[in-house]
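1. below are the sequence and a predicted model for it; my questions follow.
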Amino acid sequence: MAPTVAIAGVTGKFSQCIIKALQSHPEVTIRGYCRSPQKLPKSIIDSDRIEIIAGEFDDYNSIRNFVRGSDVVICCYFGGPEVMTQGQQLLIDACEEEKVPRYIAGDFAVDFTKIPPGALFPKESAMIIREYLKSKNVAGVHILTGGLMETFWSAFFGIWRPETRSLSVWGNGDEKWELTTFPTAAAYTAAVALDRNAVGFLRCEMKPPFLPHLIEERVKLTYLKVCGDRKSPEEIKETFDRVYGCQMRIDRLGSIEELYGAVEEAFNRDPNDLARWAPACFAYWCTNGKAYLGDNLDNNRYPAVEVVDLESFLVDHKMEELHKADQLLVA
């Protein structure tokens, strides 16, 4: 039977990259969920392989209608804690009620499983959803990608300053960034969605009353760790200079510890002002070495996926367009 892949938050850039990856499989049917279908490109609206369902992130009846009959649900929500936590919980609840077997969680990021409880982390919803999935009869998958390469160069982080051709970084310049392009991360997500075996692990438990009765339960969750490249600011500069034939400057703003202090200060001033503290906080976890994906990556699990490294990414982008590389994804 042809698989049906349901994507929540289908107007986003990442979800549209996933759609592009899935469309190379003509047997796949795609179902999208969003608040404003009019924001979608005409190519998606007019496609006979894509069904769009409109609804709010907390409209449970619409969500159940959206997930019903699908083989896997991918969350591509992008928003505040309410959307990323309550919104995902409602998706998972609907999957359980409609007997959708698999759920790919939102917040593609660093290895949040290594972040200690209570630490400031802008994607805390990923931790909450990991625990929530443990109580549900839905097999969850978290896809960990490090930072997204297009976002690294965007105004979101405030690292790349095109007017001065410089990187503004915290640390000594040797801290590594693990970076993956949107299309690479999307291709892996599509591959996981189409892999019916990507369903978590088997748990055996003792069942009363007397004899050891082993129960296999194909639930819980698994993690797919993929990375396009791993480079320090100094190595990024070296690659940049070689590709573009001009010099990048690196401006050091302070130590990694001072970065976390600045994040704490901004958070304490206004925890709800995510735009002020979240980008720097995410940069902290990208570079402090505690939440790295590590060397045990899953890149080879899906060999058909083309992994784009930093040099290939730069070759494919004009220098004056780096700061809007994320916008060009859906241009």
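-> That came through fine.
2. how near is the residue nearest the centre of the chain to Ala54?
-> Centroid-nearest residue in the chain, with C-alpha atoms, centre = their mean: Phe108, separated by 1.8 Å. Look at Phe108 and Ala54: by C-beta to C-beta, to the nearest Å, they are 25 Å apart. Glycine gets a C-beta too; all of them are placed from N, C-alpha and C.
3. stretch 120-133: which residues count as buried?
-> Buried residues in stretch 120-133, counting neighbours by 16 or more other C-beta atoms under 10 Å, are found at 120-130, 132-133.
4. got it, and stretch 129-146?
-> Buried positions in stretch 129-146, judged by neighbour count with 16+ other C-beta under 10 Å: 129-130, 132-133, 136, 138-146.
5. do the same with stretch 241-254
-> Buried residues in stretch 241-254 (16+ other C-beta under 10 Å): Val243, Tyr244, Met248.
6. re earlier: contacting residues for the residue nearest to the centre of the chain?
-> Phe108 sits next to Phe14, Ile143, Leu144, Thr145, Leu148, Ala185, Thr189 when contact means C-beta atoms under 8 Å, 6 or more residues apart in numbering.
7. surely Ala187 touches Ile19?
-> No: Ala187 is beyond contact range of Ile19, at 11.6 Å (criterion: C-beta atoms under 8 Å).
8. pLDDT weak spots in the stretch 51-200 of the chain?
-> By pLDDT under 70, the weakly predicted segments of the stretch 51-200 of the chain are 200.
9. and the contacts of Phe108 as TSV, adding distance to Ile92 and secondary structure?
-> Output for those, formatted as TSV (distance: C-beta to C-beta, whole Å; DSSP: H, G, I helix; E, B strand; the rest coil):
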residue	distance to Ile92	secondary structure
Phe14	19	helix
Ile143	16	strand
Leu144	19	strand
Thr145	21	coil
Leu148	24	strand
Ala185	21	helix
Thr189	17	helix
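10. Glu320: which of those is nearest?
-> Ranking the contacts of Phe108 by separation from Glu320, with C-beta to C-beta as the measure, puts Leu148 on top at 20.3 Å.
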